[in-house]
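1. Okay, here's the prediction I keep looking at, along with the sequence it came from:
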Amino acid sequence: MPKPHILYILWSFIILSLLRLQLNTGRLTRIQELETNTENLKNENYTKYMNPEFDKVYINYVKKHNKIIANLLASSNNSSELPKVVVVRPDMHSGFGNRMPGIICGFLYSLISDRLFFIDGYQNFDNYFEKDFDHNWDTVSYLYRGSTAKDLHVNETINNFTLVTRGNFSSEEINSYDILRVHTWDYVCAPLSSNPYYKEWFNKIIPDYRIFTTISLRLLRLHPDLKSQVEEYANNNFSDYNIGIHLRERKTKNDTNSLMIPIGHYYEAVRMLMLEVKNKNVSIFVAADTTDGRNKLVNLLSEEFKSNNIYHNNNNSVKIIHSEDNMDLNNTITWENSGTEAGAIIDLKLLGLCDDLVLTYASSFGFLAAGWSHKASRQRGLLIINPIKKVWTDNLQVIDKVWMWGAISSEPCMYMSKLLITNEDEETTRIFKSNPLWIHYSQCHYPIEPYKKSKKS
Ligand SMILES: Nc1nc2c(ncn2[C@@H]2O[C@H](COP(=O)(O)OP(=O)(O)OP(=O)(O)O)[C@@H](O)[C@H]2O)c(=O)[nH]1
Ligand SMILES: [Mg+2]
């Protein structure tokens, strides 16, 4: 039989080991949590975009959502009262640039109106994003069959801009609806940050007005499989300094979308940027919607930085890179666009990791890349090339109407802001313009000429 003091030593050893194990497990969980929260992408320390005030709001929302839904679905629940909700129905046939803005708007509406947030009809969402709470409308929609609903946005047909810009989402009228619905391609919620009812909230929670970035980095976290592909690509291909280009050629050929962005203009923008880059290893990352267009641009750039390098005095090494090789495949989800969903989302994230971005107003894809990024707070203005109308001429040598815009923010534009300014009453327009970003929000290609509704008094 061991002596009592040996037993004591043995017992202390077991207790200490258990304590160490618990400490380590605790630390591991915390590290894992941190990693998921900050997206451990290349140059994490530089690219971290943290907003602790919003994080608190988000974490509380997640807890609230999970608790309410668990109660609602519990077999013991016999209350007939349903939680009020915001439901976003993204247009799956359009691309990421047209799907994500509405999702971010819907979540913002749900936060300020104290409603639960759901997404309706996003096939395979879980393959691309990581979820903190179940926002699939299918989970609860059967309970809402007899419920009252109000459409806040239905593309260009219905847009309640007076409500968004200066209305109260907690009013009796709005509260009388169980469901607020959002169906849009646009970043239509931008004027909410002008709304006097919510000014204080924004000033406290998202004071820099990077609303899209703040929300998207929490709500639309990349799926770990895709995240590791992005990390691997960036680790193997990105350099000290990265310029991202988004080339968009394949626009549909109707009146409003008959837009052309000359490849040469992207090249000119990069030449301008490179004037300021010195003593660096540079990567120029080209994301494009066609293989042909991408190859043309890659060739132009390669030629520039090989034999005819006017920047050799700047002592840079330059390599031109791209990721997506499936642009000749048919995307079965989006109409008219090619490539794969995974390829597009990887291109989006990689663009977002770049130090400088050259984009075009012809595409919301690039704007999304700029906003959906930890680098959003560091990027100097995006360089945005205005598309030109195809009918003008195909001969780029005679084009003299060229616009380029260095944007002040990484927020997406709101193409319907021009409609708001043209059609809403004076007070709504005045309040919208109290927003420091109103000019930025209003710089979009579409509609080029805002159509006029009969003006309200
Ligand atoms: N992989 C990849 N896919 C792209 C790229 N550009 C466009 N696409 C594909 O084309 C789709 C374009 O749709 P959006 O993202 O909505 O962009 P948009 O140019 O505003 O499109 P519209 O508003 O419909 O004219 C994307 O979702 C992708 O599927 C690119 O650079 N890389
Ligand atoms: Mg678009």
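-> Great, that's in hand. Ligands and ions are numbered 1, 2, ... in the order given.
2. Run through the residues that contact the residue nearest the centre of the chain.
-> The structure's the chain has its C-alpha centroid closest to residue 372; by CA atoms, centre = their mean the separation is 3.8 Å. Taking CB atoms under 8 Å, 6 or more residues apart in numbering as the criterion, residue 372 is in contact with 100, 212-213, 216-217, 220, 348-349, 352. To be clear about C-beta, it is placed using only N, CA and C from the backbone, and glycine gets the same treatment.
3. distance of it from ligand 2?
-> Residue 372 sits 14 Å away from ligand 2, taking CB to the ion, to the nearest Å as the criterion.
4. Give me the phi and psi angles of that residue.
-> As for residue 372, its main-chain torsions (degrees, to the nearest 10) stand at phi -90, psi 60.
5. contacting residues for residue 164?
-> Contacts for residue 164 were tallied using CB under 8 Å, 6+ apart; they are 152, 188-189, 191-192, 195.
6. Tell me how many other residues crowd whichever residue of the stretch 251-400 of the chain sits closest to ligand 2.
-> Evaluated by CB to the ion, the stretch 251-400 of the chain has residue 364 as its residue closest to ligand 2, separated by 3.4 Å. When neighbours are defined as other CB atoms under 10 Å, residue 364 has 28 of them.
7. Tell me the buried residues in stretch 170-185?
-> Going by neighbour count (16 or more other CB atoms under 10 Å), the buried part of stretch 170-185 is 174, 177-185.
8. Check what contacts it and list those residues.
-> If you take CB under 8 Å, 6+ apart as the criterion, stretch 170-185 is touched by 82, 84-91, 94, 98-99, 101-102, 105-106, 109, 113-115, 144, 147-155, 159, 163, 167-168, 188, 364.
9. do that stretch and ligand 2 meet at all?
-> No - Stretch 170-185 is not in contact with ligand 2 by CB under 5 Å from the ion; minimum separation 6.0 Å.
10. how long is that stretch end to end?
-> Counting by CA to CA, to the nearest Å, the length from the leading to the trailing residue of stretch 170-185 is 25 Å.
11. Switch the contacts of residue 164 over to a markdown table; also include pLDDT and neighbour count.
-> Shown next, in a markdown table, are the contacts of residue 164 (pLDDT from 0 to 100; neighbours: other CB atoms under 10 Å):
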| residue | pLDDT | neighbour count |
| --- | --- | --- |
| 152 | 98 | 25 |
| 188 | 96 | 25 |
| 189 | 96 | 26 |
| 191 | 97 | 27 |
| 192 | 98 | 23 |
| 195 | 98 | 23 |
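12. Which residue, other than its chain neighbours, is closest to residue 438?
-> For residue 438, ignoring the flanking residues on the chain, the nearest one in space by CB to CB, 6 or more residues apart in numbering is residue 432 at 5.8 Å.
13. Can you name the residues that contact that neighbour?
-> Neighbour list for residue 432: 161, 165, 191, 194, 417, 420-421, 424, 438 [criterion: CB under 8 Å, 6+ apart].
14. Can I have the buried ones of those as a PyMOL selection?
-> A single PyMOL command selects the buried members of the contacts of residue 432 (16+ other CB under 10 Å):
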select buried, resi 161+165+191+194+417+420+421+424+438
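15. Identify, from the contacts of residue 432, the entry nearest to ligand 2.
-> Each of the contacts of residue 432 was checked against ligand 2 using CB to the ion; the closest is residue 417, at 14.4 Å.
16. That closest one against residue 438, yeah?
-> Yes - taking CB atoms under 8 Å as the contact criterion, residue 417 and residue 438 are neighbours in contact, 7.2 Å apart.
17. ok, back up a step: which two among the contacts of residue 372 are spaced furthest apart?
-> 212 and 349 (14.7 Å; CB to CB).
18. Distance check, the closest residue to ligand 1 within the stretch 51-200 of the chain against residue 328.
-> Per CB to the nearest ligand atom, the residue of the stretch 51-200 of the chain with the smallest distance to ligand 1 is residue 95, at 2.0 Å. To residue 328, residue 95 is 17 Å away according to CB to CB, to the nearest Å.
19. who has more neighbours, these two?
-> The residue with the greater number of neighbours, taking residue 95 and residue 328 and applying other CB under 10 Å, is residue 95; the counts read 25 against 10.
20. if I pick the more buried one, what's in contact with it?
-> Contacts for residue 95 were tallied using CB under 8 Å, 6+ apart; they are 334, 337, 344, 364-365.
21. Neighbour-wise, which one of these leads?
-> Neighbour tally across the contacts of residue 95 (other CB under 10 Å): the maximum, 28 neighbours, falls on residue 364.
22. isn't residue 218 right next to residue 56, touching?
-> No - when contacts are counted by CB under 8 Å, residue 218 is not listed as touching residue 56 (11.3 Å).
23. and these two? which has more neighbours close in?
-> Counting neighbours by other CB under 10 Å for residue 218 and for residue 56 shows that residue 218 has the greater number, 19 against 11.
24. C-terminal to the helix or strand harbouring the more buried one, which secondary structure element comes first?
-> Assignment of secondary structure by DSSP states H and E places residue 218 within helix 211-219. Proceeding C-terminally, helix 211-219 gives way to strand 221-222 as the next helix or strand, assigned by DSSP H and E.
25. Got the phi and psi for the residue nearest to residue 438?
-> Dihedral angles of residue 432 (phi, psi; degrees, to the nearest 10) stand at phi -60, psi -40.
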